[in-house]
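[1] Provided below for reference: sequence and predicted model.
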Amino acid sequence: MSKPVAWDDQRIFLAVLEEGSLAGAARRLGLSHPTVRARVEALERGLGTVLFTRSVNGLTPTEAAEALREPARAMAMASDLFVRQASSSGVEAAGTVRVSVPEFMGIEVVPAMLARLREAHPAIDIELSLSNLPADLLAQEVDVAVRTVAPRQASLVARKVAAIPLGLFASRAYVERRGLPAAFPDLADHDFIGPDRNRADLAMAASLGGAFARERFVVRTDSHPAQLAAARAGLGIAVSQTPVGESDPDLVRVLPDMEVATLETWIVTHENLARVPRVRAVFDSLVGSFRSMARRG
């Protein structure tokens with residue numbers, strides 16, 4: 001029988017694999033660089049295989065390491081779920097809830113909602129995962145997710161909470177310098193901030209006409225918060241969720257009758273978690289907050 005591999009060693013291996021370096025893994029785990037190196041080398045000896053090849057460009061995972069990626073990630077998810085479940089206190093809405101949120105909403109929208117949640121349920125702690133990729137709710141990688149794509153799995157509980165309009169916004173400083181477009185053709189004389197390589201965002205931009213062609217963007221980034229930050233800095237006109245743009249006194253709505261698109265939004269959890277008090281409290285709070293935002297909009 002082979003010698004068992006400690007979870008700590010698997011955790012370090014996964015961190016090195018995902019960060020791409022010993023230094024990155026050390027920072028992520030709060031360990032020293034020599035400790036991470038020693039544990040990886042010990043793991044390689046214990047497994048009798050090479051997991052990473054070293055070069056001046058850093059670490060490259062071998063085929064053996066790639067084969068272990070998903071099992072290690074599954075262990076990490078199970079460990080996180082164990083900790084969250086252990087933090088529960090029976091029928092009370094208390095403990096840790098892990099929430100997955102798209103990057104823009106996680107920075108611009110959800111924090112204020114979580115403040116209201118914490119006022120109502122101070123015994124609940126939130127782990128906030130910001131990603132534009134859907135978290136695996138079936139594997140309970142997270143407890144609750146905010147999604148902009150309709151969930152289809154039968155084992156998920158979902159509530160559609162909003163259809164958030166997207167509009168064009170620029171800073172007041174930009175408008176004072178360049179003027180405010182009065183009609184759609186006037187956009188041809190203005191600077192735009194837009195996507196870089198995201199195909200869905202580029203397709204949406206292209207559908208709006210030649211003024212939104214990628215080569216016309218003076219700043220290109222696939223990060224939606226970075227796009228809005230660039231607009232706030234006066235670099236040009238950017239697409240933003242309308243409730244966010246209109247709540248910022250330093251931003252001006254450009255062509256307010258123009259709706260770029262609509263972002264349908266759902267709050268989702270696994271049916272096995274829907275009756276867990278702390279998860280239900282977070283689920284219901286987010287549903288209420290998003291619906292209130294939609295009504296205000």
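    Alright, I've got the coordinates.
[2] hang on, residue 13 packs against residue 72?
    Yes. Judged on Cβ atoms under 8 Å, residue 13 makes contact with residue 72 at a distance of 6.0 Å. In this view, the C-beta of every residue, glycine as well, is placed from N, C-alpha and C.
[3] and those two? Which one has more around it.
    More neighbours surround residue 13 than the other of residue 13 and residue 72, with 25 against 21 (other Cβ atoms under 10 Å).
[4] could you pull out the helices for the protein?
    Here the chain has its helices, by DSSP state H, at 7-19, 22-29, 33-47, 63-86, 103-108, 110-120, 172-178, 199-207, 224-232, 242-246, 277-296.
[5] am I right that residue 36 is in contact with residue 26?
    Yes. Contact between residue 36 and residue 26 holds when scored by Cβ under 8 Å: they sit 4.7 Å apart.
[6] who's more crowded, those two?
    A direct count of neighbours by other Cβ under 10 Å for residue 36 and residue 26 places residue 36 higher, at 24 against 20.
[7] that one and residue 97: what is the separation?
    Separation of residue 36 from residue 97 (Cβ to Cβ, to the nearest Å): 30 Å.
[8] just the CA atoms from the lengthiest strand in the chain would do, formatted as CSV, please.
    Counting residues, the longest strand found in the chain (DSSP state E) is strand 156-171. In CSV, the C-alpha atoms belonging to strand 156-171 read as follows (Å, rounded to 0.1, in the frame of the first residue of the first chain):
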residue,chain,number,x,y,z
LEU,A,156,-30.4,24.2,-8.6
VAL,A,157,-32.8,26.7,-7.0
ALA,A,158,-32.8,30.0,-8.8
ARG,A,159,-34.6,33.3,-8.7
LYS,A,160,-34.5,35.8,-11.5
VAL,A,161,-34.1,39.1,-9.7
ALA,A,162,-33.3,41.8,-12.3
ALA,A,163,-32.9,42.8,-15.9
ILE,A,164,-30.1,45.4,-15.5
PRO,A,165,-29.8,47.8,-18.4
LEU,A,166,-26.4,48.8,-19.8
GLY,A,167,-25.7,52.3,-20.9
LEU,A,168,-22.9,54.6,-22.0
PHE,A,169,-21.2,56.8,-19.5
ALA,A,170,-18.4,59.3,-19.4
SER,A,171,-16.8,61.5,-16.6
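[9] which other helices and strands contact it?
    In this structure, strand 156-171 makes packing contacts with helix 224-232, strand 238-241, helix 242-246, strand 251-254, strand 261-270, helix 277-296, judged by 3 or more Cβ pairs under 8 Å, 6 or more residues apart in numbering; DSSP states H and E.
[10] so which of those is the most surrounded?
    Among the helices and strands packed on strand 156-171, strand 238-241 has the highest mean neighbour count (mean count of other Cβ atoms under 10 Å), at a mean of 26.
[11] which residues does it contact?
    104-105, 108-109, 164-170, 192-194, 227-228, 230-231, 251, 260, 263 (Cβ atoms under 8 Å, 6 or more residues apart in numbering).
[12] mind running it again at 6 Å?
    Identification of contacts with strand 238-241 by Cβ atoms under 6 Å, 6 or more residues apart in numbering yields 164, 166, 169, 193, 227-228, 231, 260.
[13] save the residues you listed as a markdown table, and put in pLDDT too.
    Formatted as a markdown table, the contacts of strand 238-241 follow (pLDDT from 0 to 100):
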| residue | pLDDT |
| --- | --- |
| 164 | 95 |
| 166 | 96 |
| 169 | 98 |
| 193 | 96 |
| 227 | 97 |
| 228 | 98 |
| 231 | 98 |
| 260 | 93 |
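[14] those: which two are farthest apart?
    164 and 193 (19.1 Å; Cβ to Cβ).
[15] more neighbours: those two, which one.
    Higher neighbour count among residue 164 and residue 193: residue 193, with 24 against 21, using other Cβ under 10 Å.
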